[in-house]
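Novice: Here is the input, now give the coordinates:
(4 chains)
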2 protein chains.
Amino acid sequence: MNAAPKEPKFRRENPEQRREQLIEATLRVIARKGVSAATVREISAEAGVAFSLIRHHFRTKEDLMYAAYAHHMQNMAHLSLSSAGDISRPLPDRLRQCIRDTLSAPVTNGESLQIWAGFIQMVPHDDRMKQIHSDTYLGFRNTLEPLIREALVSQGSPATPAEVEAKAIACNAVLDGLWLEGSMLPDMLPHDRLTALAEETVFRILGLPTSV
Amino acid sequence: MNAAPKEPKFRRENPEQRREQLIEATLRVIARKGVSAATVREISAEAGVAFSLIRHHFRTKEDLMYAAYAHHMQNMAHLSLSSAGDISRPLPDRLRQCIRDTLSAPVTNGESLQIWAGFIQMVPHDDRMKQIHSDTYLGFRNTLEPLIREALVSQGSPATPAEVEAKAIACNAVLDGLWLEGSMLPDMLPHDRLTALAEETVFRILGLPTSV
DNA sequence: ACATTAATTGTACGATTGTGCAATAAAAGT
DNA sequence: ACTTTTATTGCACAATCGTACAATTAATGT
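Specialist: Below you'll find the predicted structure:
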């Protein structure tokens, strides 16, 4: 009869790609419904696969959570600081770009905050989570500190390690705080006023000339 | 025989006090083991009662969570801002005291952060949580803003509502950010340096003279 | 002393969870 | 065309969850 073009019931995916699909499905579920809703069944439904497939690509559900946490944090760090090392641009521009990237979507947004809050509460109770946390945090600081140092020396300010560290912490705190407020209450302050506030405060902490 | 002094199997508690005991047990469990471990069985064990008692004092487990969230946030706000309205003290003292209270334990500490993160991720998916969230946030701002306004007028700065709001947001962001960092990484910065950093930054935002 | 009240306990139930494992089938090698 | 490999599915299982409800028992009023 007719050469029945029977369509396959499923597609065999490259394991690496499938892992990433599952990780991203996990993050979408957490963002939309919270960690408690991120069950293997909900996640696999979001990814469009059978729920038992998860345990073929991840030894346990915890392993999937670890992978998702690391993936999310690395992504956020990259989105925030990708232009920090672009030495072709003058320092104030780079600084402004990092501030703008950090305080714009998708870094500053309700869903990212949801994901972050969901994972953060797992950190103290799980050694692997602890390690992922400190790794991503150190990576962030190691990218930001040279920028701070460069700003201090450009103004002839003392750039001792202690001084750099203190200023880095202060700048970090301002950005974290505005990230928190901008994510939780997006309508409180229009986006450009948020970034302007951040620029002014950070530049003032570093002793850089503010453009007004 | 002997007038057996048989000790009672349990104590009948005042409903109000029992409710508070259950709420505080809930917060302790969340702080120690995270929201996912805050089951009715775990909470009641922490409180030293049978787990079925919870549903005698709270219609559902969700109701207990609402009560615990409101309790925690009101407690944090009170601990942070209790000295904001003490008009017998000069403004800079009051400001410094609020900063110190906010950035000291038990407000700035890992357990409070755990509790906060656990609840925050429930807010977007639950209308009651949303309301508790905005209520406590507004309460906090309404206490802080008069302080900001007073600081601005004391310096002869413009104190238009828009100006006050912007400065309040900036100060809030600095405190939130340092609260976040101080809670997550208590060993990063000694406590007095944390508060000194906050004072300097806040005072600088408000145009108040810093004491150096 | 006795009855009344309601705070407290004990147990059972259905739903949902992560996991274990055998069956299936898509893709690649021969 | 046939075999091999392994990504994928389907189903069963024990554990744990919030909830429901009847049985206790401490406390109070009379």
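Novice: C-alpha from now on. contacts and neighbour counts both.
Specialist: Fine.
Novice: which residues of chain A score low on pLDDT?
Specialist: By pLDDT under 70, the low-scoring segments of chain A are A:1-6, A:212.
Novice: DNA strand C contacts on that one?
Specialist: A:7-12, A:37-41, A:51-52, A:55, A:60-62 (C-alpha under 7 Å from any atom of the strand).
Novice: Please repeat the previous calculation with a cut-off of 10 Å.
Specialist: Proximity of chain A to DNA strand C (C-alpha under 10 Å from any atom of the strand) is limited to residues A:6-14, A:35-44, A:50-56, A:58-65.
Novice: For A:Pro209, pull up the helix or strand it's in.
Specialist: Remark: A:Pro209 resides in no helix or strand, with elements defined by DSSP states H and E.
Novice: tell me the contacts of it?
Specialist: Neighbouring residues of A:Pro209 by C-alpha atoms under 8 Å, 6 or more residues apart in numbering or on different chains: A:Phe203.
Novice: Mind giving me the ChimeraX select for the residues of chain A next to DNA strand C, buried ones only?
Specialist: A single ChimeraX command suffices to select whichever of the residues of chain A next to DNA strand C are buried according to 16 or more other C-alpha atoms under 10 Å in any protein chain shown:
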select /A:35,38,40,43,44,51,54,64,65
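Novice: The helix ranked longest in chain A packs against which elements?
Specialist: Counting by DSSP state H, the longest helix found in chain A is helix A:127-154. Packed against helix A:127-154 by the contact rule (3 or more C-alpha pairs under 8 Å, 6 or more residues apart in numbering or on different chains; DSSP states H and E) you find helix A:61-81, helix A:91-102, helix A:161-184, helix A:191-206.
Novice: how about the longest one, does it get close to chain B?
Specialist: Yes - using C-alpha under 8 Å from any C-alpha of the partner chain, helix A:161-184 reaches chain B at A:Ala170, A:Asn172, A:Ala173, A:Val174, A:Leu175, A:Asp176, A:Gly177, A:Leu178, A:Leu180, A:Glu181.
Novice: Who are the contact partners of the closest residue to the third one other than its chain neighbours?
Specialist: Closest residue to A:Ala173 in three dimensions, ignoring its sequence neighbours and counting by C-alpha to C-alpha, 6 or more residues apart in numbering or on different chains: B:Gly177, at 4.1 Å. Neighbour list for B:Gly177: A:Asn172, A:Ala173, A:Val174, A:Leu175, A:Asp176, A:Gly177, A:Leu178, A:Leu180 [criterion: C-alpha under 8 Å, 6+ apart].
Novice: so how far is DNA strand C from the most centrally placed residue in chain A?
Specialist: For chain A, the residue nearest the mean C-alpha position is A:Met76 (2.0 Å; C-alpha atoms, centre = their mean). Separation of A:Met76 from DNA strand C (C-alpha to the nearest atom of the strand, to the nearest Å) stands at 25 Å.
Novice: what does A:Leu79 give?
Specialist: A:Leu79 is 29 Å from DNA strand C, where distance means C-alpha to the nearest atom of the strand.
Novice: Who are the contact partners of that residue?
Specialist: A:Asp101, A:Thr102, A:Val107 are the contacts of A:Leu79 under C-alpha under 8 Å, 6+ apart.
Novice: give me every residue that touches the second one.
Specialist: Residues touching A:Thr102, when contacts are defined by C-alpha under 8 Å, 6+ apart, comprise A:Leu79, A:Ser80, A:Leu81, A:Thr108, A:Leu175, A:Trp179.
Novice: Buried residues in stretch A:146-155, which are they?
Specialist: Applying 16+ other C-alpha under 10 Å to stretch A:146-155 flags A:Leu147, A:Ile148, A:Arg149, A:Ala151, A:Leu152 as buried.
Novice: cool, stretch A:176-187 as well?
Specialist: In stretch A:176-187, counting by 16+ other C-alpha under 10 Å, buried: A:Asp176, A:Gly177, A:Leu178, A:Trp179, A:Leu180, A:Glu181, A:Gly182, A:Ser183, A:Met184, A:Pro186.
Novice: What about A:Val90, how many residues nearby?
Specialist: Just to correct that, residue A:90 is Pro rather than Val. A total of 9 residues lie near A:Pro90 under the criterion other C-alpha atoms under 10 Å in any protein chain shown.
Novice: how about the residues of chain A near chain B?
Specialist: A:33-36, A:114, A:117-118, A:120-122, A:125, A:170, A:172-178, A:180-181, A:197, A:201, A:205.
Novice: What's the separation between A:Pro186 and A:Ser36?
Specialist: Distance of A:Pro186 to A:Ser36, computed by C-alpha to C-alpha, to the nearest Å: 24 Å.
Novice: what's the answer for A:Leu194, then?
Specialist: From A:Leu194 to A:Ser36 the distance is 32 Å (C-alpha to C-alpha).
Novice: What of A:Phe58?
Specialist: 19 Å.
Novice: Got the domain ranges for chain A?
Specialist: Split into domains by automatic domain parsing, chain A comes to A:12-58, A:62-206.
Novice: Any residues of chain A in contact with DNA strand D? List them.
Specialist: Close to DNA strand D, as judged by C-alpha under 10 Å from any atom of the strand, chain A has residues A:9-19, A:21-22, A:41, A:44-45, A:47-57.
Novice: ok, the residue lying closest to A:Met73 once chain neighbours are set aside - contacts?
Specialist: Nearest residue to A:Met73, sequence neighbours excluded (C-alpha to C-alpha, 6+ apart): A:Thr136, at 6.5 Å. Counting by C-alpha under 8 Å, 6+ apart, A:Thr136 touches A:Ala70, A:Met73, A:Gln74, A:Ala77.
Novice: re earlier: can you add distance to A:Ser88 and give the contacts of A:Thr102 back as JSON lines?
Specialist: As requested, those are exported to JSON lines (distance: C-alpha to C-alpha, whole Å):
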{"residue": "A:Leu79", "distance to A:Ser88": "19"}
{"residue": "A:Ser80", "distance to A:Ser88": "18"}
{"residue": "A:Leu81", "distance to A:Ser88": "15"}
{"residue": "A:Thr108", "distance to A:Ser88": "26"}
{"residue": "A:Leu175", "distance to A:Ser88": "24"}
{"residue": "A:Trp179", "distance to A:Ser88": "27"}
